[in-house]
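Undergrad: Sequence below, structure please.
(one chain, ligands or ions: 1)
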Amino acid sequence: MPKDKDTERGGCNHNQQLIGTTMELASLPLLGFLASLLFLLGVTKKIYTCSAPGDRQPPGPWNLPLLGSLHHVLLSRYRDQPHRALRELSGRHGPLMLLRLGVVPALVVSSAEGAREVLKTQDTAFASRHLSPTMEIFTRGGQDIFFAPYDDLWRQLRRICVLELFSTRRVMSFSRIREEEVATLLRSVADQAGADADVEIGALTSRIITDMVTRSTIGGRCLRRDEFLHEVSKSVKLSAGFNLADLYPSSKLARWLSGGLRDAERCYRNMRAIMDDIIQERAQATADADVESEEDLLGVLLRLHREGGPLTIDIITTVIVEVLGAGGEASWATLEWAMSELMRNPRVLHKAQAEVRGMFQGRRQCRLADGDVLGRLSYLQLVIKETLRLHPPVPFLLPRQCREPCQLMGYPVPEGTKVLVNAWALGRDAAYWERAEEFEPERFEAAAMDYKGATNFEYIPFGGGKRMCPGVALSMANMELLLASLLYHFDWELPVGVRPEEIDMTEAFGITLQRKTKLVMRATLRIPFDTLVS
Ligand code: HEM
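TA: Here you go, the predicted model:
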């Protein structure tokens, strides 16, 4: 699809964001001198040292003082897409590669064997997260669920979230919410289709998925949802891990110079302000009513807060902000990639559509209430699986950190080392996949692979082990119903004059991978739907 400035995701702000990051990176050589001074003065301390004399270091590219290995990324053809640049580098240096990103040593794992060691064999040793200065801001110093160290607070938060939001029982209980939100989506698509307008499917699904997750988590909608989504989009770029402060975490100068940190502060403040209102209102309402309202995750967290204990309002707000933001974002990014691949592969689109239309024939709604009807949409599930193989929304998982000195693929790893598992590269590795770059959902028919991250480490879109994504069932239920409904009720075409092979599939790198340009399509209503009122 021809690139159109107006269709760039996030519009002006997103561009400014990228330009800001690129300028920070481009100014690195100039800052090298200053940073060298700081280095010599011992201000930057983090250095990868072998645990014992004579220990071998993992292979890796040659380093420049202070820039470390960054120039290999910045000068590569994939300078905006580190997941691709690091795949290329690991092709030269091996499946376990030691980089220095600025002064931060990082091990990059690019084989299923290595991923198995990190996520399974030595799960406990790698169960902490690496907290960059930017993520310190977004997580209040790791007082959250996504980036908390492997400690009691994380255990408590994870247990509560699983019980109240992610368990199969809870996910089933949200089916009415899903159906109502899907009906809203169908109405929006039908309005645009009726007006003979192009449909920006990403914009529509991001709102609906956010509403689904918000209603399931806090029991109501967020009135400032669009503002919130705008900030989430910014935070995704800011969290990529490549701003000055993240590359030189212990340098005060780098922190001072880093526009990224200031943007992160602003972005986090805005997101919190939106959530603060909701949470304060809810806390007050519960206190006034003098009843325990525990219908959702927020209710339970607030009760635990009232009972005393470690859960402050600050921690609760951070957890809610990130569950709504990050959780929803990964799902709608996946849906947009799925629709992109379907439009590029008409054979697959028609096959998936035939399955859905056959299954729900004569109905005005794809209903979850019909037992496991959606579970029986086996081809649609393969489409989602294949989408997650080629487009895992979290390309490096969330960065792990080694909690104790250990060995990885025969090399010693010091405590505190950052570990990136390149899940994106694994999903496209020709050593594991035939025609690795092709979109072929049928490949999963024979392969009994699932999302559990326990056996097939070449396929880990949700990570694995103790820190594996707990939102698999919730996101699958949301994504399946949405995709099934879009295919059931509408026919889809590209705008006039655009051929499938012309669809721009460029990725915008951040902590998650989104489409760089918006996907625009034409919809025609084929099967009328029921209007549900929430
Ligand atoms: C397509 C959808 C999604 C994908 C591909 C995805 C992927 C991931 C990945 C790769 C991780 C890091 C795992 C690791 O380090 O091993 C993660 C963590 C997490 N995800 Fe998801 N996610 C999705 C949807 C969701 C949703 C909808 C929610 C919640 C509403 C959610 C909540 C979480 C949480 C709380 C964590 C942190 C877990 C921890 O550190 O203990 N995710 N996700």
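
Undergrad: Kindly report the residues of the chain close to the ligand.
TA: Contact residues (C-beta under 6 Å from any ligand atom) of the chain with the ligand: 145-146, 158, 213, 323, 327, 330-331, 334, 393-394, 397-398, 461-464, 467-471, 474-475. (Glycine included, C-beta is placed from N, CA and C.)

Undergrad: switch to 5 Å and redo it
TA: Counting by C-beta under 5 Å from any ligand atom, the residues of the chain close to the ligand are 145-146, 213, 323, 327, 330-331, 334, 393-394, 397-398, 461-463, 467-469, 471, 475.

Undergrad: I'd like to know which of these are part of helices.
TA: 213, 330-331, 334, 475 (DSSP state H).

Undergrad: so Pro412 touches Leu98, yeah?
TA: No. Using C-beta atoms under 8 Å, Pro412 makes no contact with Leu98, being 11.1 Å away.

Undergrad: So which of those two has more stuff around it?
TA: Leu98 (21 against 17; other C-beta atoms under 10 Å).

Undergrad: how close does the more buried one get to Cys406?
TA: From Leu98 over to Cys406 the distance is 15 Å, taken as C-beta to C-beta, to the nearest Å.

Undergrad: From the structure, what's the count of residues near the residue in the stretch 401-534 of the chain that the ligand sits nearest to?
TA: Using C-beta to the nearest ligand atom, Gly463 is the residue of the stretch 401-534 of the chain that sits closest to the ligand, at 2.0 Å. When neighbours are counted by other C-beta under 10 Å, Gly463 registers 22.

Undergrad: For Thr512, the count of nearby residues, please.
TA: The number of residues packed around Thr512, counting by other C-beta under 10 Å, is 21.

Undergrad: In what element of secondary structure is it found?
TA: Following DSSP states H and E, there is no helix or strand that holds Thr512.

Undergrad: Pretty sure Thr334 is one of the things it touches, is it not?
TA: No. Contact criterion C-beta under 8 Å: Thr512 and Thr334 do not qualify, at 9.5 Å.

Undergrad: what touches both of the two?
TA: The contact sets of Thr512 and Thr334 overlap at Pro393 (C-beta atoms under 8 Å, 6 or more residues apart in numbering).

Undergrad: picking up where we left off before, in TSV, list the ones in helices among the residues of the chain next to the ligand along with neighbour count and pLDDT.
TA: Formatted as TSV, those follow (neighbours: other C-beta atoms under 10 Å; pLDDT from 0 to 100):
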residue	neighbour count	pLDDT
Val213	28	93
Ala330	25	94
Ser331	24	95
Thr334	25	97
Ser475	26	93
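
Undergrad: Walking through the stretch 301-450 of the chain, point out its helices one by one.
TA: With helices called from DSSP state H, counting those that start in this stretch, the stretch 301-450 of the chain shows them at 313-322, 328-344, 346-359, 378-390, 423-427, 443-446.

Undergrad: How far off centre is the longest one?
TA: On the basis of C-alpha atoms, centre = their mean, to the nearest Å, helix 328-344 sits 12 Å off its chain's mean C-alpha point.

Undergrad: in the stretch 51-200 of the chain, which ranges drop under the pLDDT threshold?
TA: Within the stretch 51-200 of the chain, the segments meeting pLDDT under 70 span 51-54.

Undergrad: let's go with 50 and repeat that
TA: Scanning the stretch 51-200 of the chain with the threshold set as pLDDT under 50 gives 51.

Undergrad: then stretch 419-428 to CSV, C-alphas only?
TA: Below are the C-alpha coordinates for stretch 419-428, written out as CSV (Å, rounded to 0.1, in the frame of the first residue of the first chain):
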residue,chain,number,x,y,z
VAL,A,419,18.6,-11.2,28.8
LEU,A,420,16.6,-10.7,25.6
VAL,A,421,15.0,-13.7,24.0
ASN,A,422,14.3,-12.9,20.3
ALA,A,423,10.9,-14.6,20.0
TRP,A,424,10.4,-12.8,16.7
ALA,A,425,13.5,-14.3,15.2
LEU,A,426,12.6,-17.8,16.4
GLY,A,427,9.3,-17.7,14.7
ARG,A,428,10.9,-17.0,11.4
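
Undergrad: For the chain, which segments are assigned as strands?
TA: Assigned by DSSP state E, the chain shows strands spanning 96-101, 104-109, 128-129, 199-200, 400-401, 406-408, 411-413, 418-421, 490-493, 507-508, 514-515, 520-525.

Undergrad: what lines up beside the fourth one in the sheet?
TA: Read that as strand 199-200. Note on strand 199-200: by DSSP bridges, its sheet partners are strand 520-525 (antiparallel).

Undergrad: Now the partner strand: buried residues?
TA: 520-523 (16 or more other C-beta atoms under 10 Å).

Undergrad: what sits up against it?
TA: With contact meaning C-beta under 8 Å, 6+ apart, strand 520-525 is reached by 1, 7, 189-190, 192-194, 198-201, 339, 343, 489-496.

Undergrad: Can you get me the centre-to-centre distance for it and its chain?
TA: How far strand 520-525 lies from its chain's middle: 27 Å, per C-alpha atoms, centre = their mean.

Undergrad: what do you get for stretch 161-178?
TA: With C-alpha atoms, centre = their mean as the basis, stretch 161-178 stands 20 Å off its chain's centre.

Undergrad: among the helices of the stretch 301-450 of the chain, where is the model least confident on average?
TA: Of all these, mean pLDDT reaches its minimum on helix 443-446 (a mean of 89).

Undergrad: so how far is it from its chain's centroid?
TA: Put simply, helix 443-446 sits 25 Å off its chain's centre (C-alpha atoms, centre = their mean).

Undergrad: in terms of contact, does Leu107 touch Thr417 like I think?
TA: Yes. In this structure, Leu107 is within contact of Thr417 by C-beta under 8 Å, at 5.9 Å.

Undergrad: No further queries at this time; thank you.
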